[in-house]
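*Asks:* here is a sequence with its predicted model. Questions after.
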Amino acid sequence: MATPNSPLWEVFIRSRNGLAHKHVGSLHAADATLALQAARDIYTRRGEGLSIWVVPSSAITASDPSEKGMMFEPAESKIYRHPTFYDVPEEVGHM
Amino acid sequence: MYTQALNSSDGEDRFVEDATRAAAFQARIDADERIEPNDWMPAAYRKTLTRQISQHAHSEIVGMLPEGNWITRAPSLRRKAALLAKVQDECGHGLYLYAAAETLGSSREELVDAMLSGKSRYSSIFNYPTLTWADIGAIGWLVDGAAIMNQIPLCRCSYGPYARAMIRVCKEESFHQRQGFEIMLTLARGTEEQKAMAQNALDRWWWPVLMMFGPPDQASQHSDTSTKWKIKRFSNDELRQKFVDATVPQAEFLGLTIPDPGMTQDSEGHWRYSEIDWTEFKQVLAGNGPCNRDRLAARRKAHEEGAWVREAAAAYAAKRESRRTAQAAE
Ligand SMILES: [Fe+2]
Ligand SMILES: [Fe+2]
């Protein structure tokens, strides 16, 4: 009954024009064409998308969540990257 | 859904491998953080979730069979299109859930084979037959209604991929319940014969649906860890009570009678139902329900008859791949 494992694909969908493709889930398919067709059937049954990307899961390089401290520390200490760091008198109004 | 009833405790894998890591893990859960696939997790958490999510996936897939049985015999094109769309949704739910289960480390093939070999279970509710068209109404109204009750809290489950799959599923479920209720309403307002058919379906589905929520709280040993890990947010009895309270007025609206003459409303407005026959539940779980053998045989047949399609797709992909590498080498 065992069948060879089929490749895993990550599915990204652009929901409306102007919005970025967003990860919606994954699926199994033998090749890219079948992956696109399956993505349409599984993830856009109610017109959720205008465009689909499928990417082999094995092609994704991910950061290591256990090293998130080291990875994101440089941004954490730079509070001057946020607008609230700067004092603008109230009289100036919205800026 | 469909899984609460199936979890049984595994004493031996309740070990805690690394006290510090386990404490840090529990602290994350307590802080309502989501656990993601590459995060450290206790082996028992992984195992519990793999079992629960894969059983949930199997249930969606096997759940297509009782309803699929009526697609060709739906009474109108409108009903047929709706039922077909619902059954397609259930297939989609199964696929979202398999994908979520796989993030815990088992392959799709292993998960499916565990169901086909009978090692892994699916919800006992799908071992009951759909004898008349009214059963399609009763399933949508009651079975999907019970599933929604169970799945809404799972949208906040501590495991990220499961919670996200549940959010998608819940968005799609409400049409399922509404189409079922509409079928019941049409029958209930129809001829005497149609009304009797609706009543008969309610009579047969009511108790099995209450059993979907799993054994009573005193009897389910699995709940403690699942609650601690925020996989489970409400107990079996709490969810069952919510379901009953929501369903009684709907049955009243339909003019149908819930087959529980002993049912009374308490001072807080909750509907107190009679004792559930748990021997029937155990029998169905043990494989002795009316359709257990049929359901597994149908899944095996579909799997075997689809083998050539999977093989052909894999062979074609391999051929294209080898052609591409040959061209690149030129
Ligand atoms: Fe479903
Ligand atoms: Fe459903």
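*Replies:* Yes, it's here. Ligands and ions are numbered 1, 2, ... in the order given.
*Asks:* all strands in the chain, in order from the N-terminus.
*Replies:* Just going to use chain A. Using DSSP state E, the strands of chain A run over A:8-14, A:22-28, A:51-56.
*Asks:* my bad, chain B
*Replies:* B:264-265, B:271-272.
*Asks:* which elements pack onto the last one?
*Replies:* This means strand B:271-272. On a contact count with 3 or more C-beta pairs under 8 Å, 6 or more residues apart in numbering or on different chains; DSSP states H and E, strand B:271-272 meets helix B:236-254, strand B:264-265. In this view, the C-beta of every residue, glycine as well, is placed from N, C-alpha and C.
*Asks:* so of those, which one's packed in deepest?
*Replies:* Per residue and on average, the most neighbours among the helices and strands packed on strand B:271-272 fall to helix B:236-254, with a mean of 17 (mean count of other C-beta atoms under 10 Å in any protein chain shown).
*Asks:* and that one, how far out from the chain's middle?
*Replies:* From the chain centre to the centre of helix B:236-254 is a distance of 18 Å (C-alpha atoms, centre = their mean, to the nearest Å).
*Asks:* how near is residue B:318 to chain A?
*Replies:* Distance, residue B:318 to chain A, by C-beta to the nearest C-beta, to the nearest Å: 9 Å.
*Asks:* returning to that earlier point: can I get the strands of chain B in CSV with distance to residue B:22 and mean pLDDT?
*Replies:* Output for those, formatted as CSV (distance: least, C-beta to C-beta, whole Å; pLDDT from 0 to 100):
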stretch, distance to residue B:22, mean pLDDT
strand B:264-265, 45, 96
strand B:271-272, 40, 98
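*Asks:* quick one, which of the helices and strands packed on strand B:271-272 gets closest to ligand 2.
*Replies:* Among the helices and strands packed on strand B:271-272, the nearest to ligand 2 by C-beta to the ion is helix B:236-254 (14.8 Å).
*Asks:* can you list contacts of the closest one?
*Replies:* B:4-5, B:141-142, B:145-146, B:149-150, B:153, B:181, B:184-185, B:188, B:198, B:202, B:209-210, B:213-217, B:220, B:223, B:234, B:257-258, B:263, B:269-271, B:273 (C-beta atoms under 8 Å, 6 or more residues apart in numbering or on different chains).
*Asks:* with distance to residue B:305 added, can I get the helices and strands packed on strand B:271-272 in a markdown table?
*Replies:* Below are the helices and strands packed on strand B:271-272 laid out as a markdown table (distance: least, C-beta to C-beta, whole Å):
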| stretch | distance to residue B:305 |
| --- | --- |
| helix B:236-254 | 37 |
| strand B:264-265 | 51 |
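*Asks:* what does stretch A:55-74 contact?
*Replies:* With C-beta under 8 Å, 6+ apart, stretch A:55-74 has contacts from A:7, A:8, A:9, A:10, A:12, A:26, B:36, B:38, B:39, B:40.
*Asks:* same question, stretch B:288-301
*Replies:* Applying C-beta under 8 Å, 6+ apart, the external contacts of stretch B:288-301 come out as A:1, B:61-62, B:65-66, B:115-116, B:118, B:122, B:124, B:126-129, B:283-284, B:287.
*Asks:* does any bit of the longest helix along chain A sit next to chain B?
*Replies:* Ranked by number of residues, the top helix in chain A under DSSP state H is helix A:32-43. Yes. Judged by C-beta under 8 Å from any C-beta of the partner chain, helix A:32-43 comes into contact with chain B through A:34, A:41, A:42.
*Asks:* out of the residues you listed, which end up buried?
*Replies:* For these, a burial check counting by 16 or more other C-beta atoms under 10 Å in any protein chain shown picks out A:34, A:42.
*Asks:* lowest-pLDDT helix or strand in the chain?
*Replies:* You didn't pick a chain, so chain A it is. Lowest on mean pLDDT, DSSP states H and E among the helices and strands of chain A sits helix A:68-76, with a mean of 85.
*Asks:* meant chain B actually
*Replies:* When each helix and strand of chain B is scored by mean pLDDT, DSSP H and E, helix B:223-228 comes last, with a mean of 86.
*Asks:* packing partners for it?
*Replies:* Looks like helix B:223-228 contacts helix B:43-62 (3+ C-beta pairs under 8 Å, 6+ apart).
*Asks:* next, the buried residues of the helix it packs on.
*Replies:* Residues of helix B:43-62 classed as buried: B:44-46, B:48-62 (neighbour count, 16+ other C-beta under 10 Å).
*Asks:* measure residue B:255 to residue B:249 for me?
*Replies:* 12 Å (C-beta to C-beta, to the nearest Å).
*Asks:* cool, and residue A:51?
*Replies:* From residue A:51 across to residue B:249, the span is 44 Å (C-beta to C-beta).
*Asks:* what count of nearby residues applies to residue A:10?
*Replies:* The local packing of residue A:10 (other C-beta atoms under 10 Å in any protein chain shown) involves 20 other residues.
*Asks:* distance check, it against residue B:289.
*Replies:* Applying C-beta to C-beta to residue A:10 and residue B:289 gives a distance of 38 Å.
*Asks:* how close does the nearest residue in space to residue B:230 that is not next to it in sequence get to residue B:169?
*Replies:* Excluding its sequence neighbours, the residue lying closest to residue B:230 (C-beta to C-beta, 6 or more residues apart in numbering or on different chains) is residue B:158, at 4.1 Å. For residue B:158, the distance to residue B:169 equals 17 Å [C-beta to C-beta].
*Asks:* what do you get for residue A:11?
*Replies:* When C-beta to C-beta is the yardstick, residue A:11 and residue B:169 sit 16 Å from each other.
*Asks:* same check on residue B:39?
*Replies:* Remark: distance between residue B:39 and residue B:169 (C-beta to C-beta) = 23 Å.
*Asks:* kindly report the same for residue B:215.
*Replies:* Residue B:215 sits 24 Å away from residue B:169, going by C-beta to C-beta.
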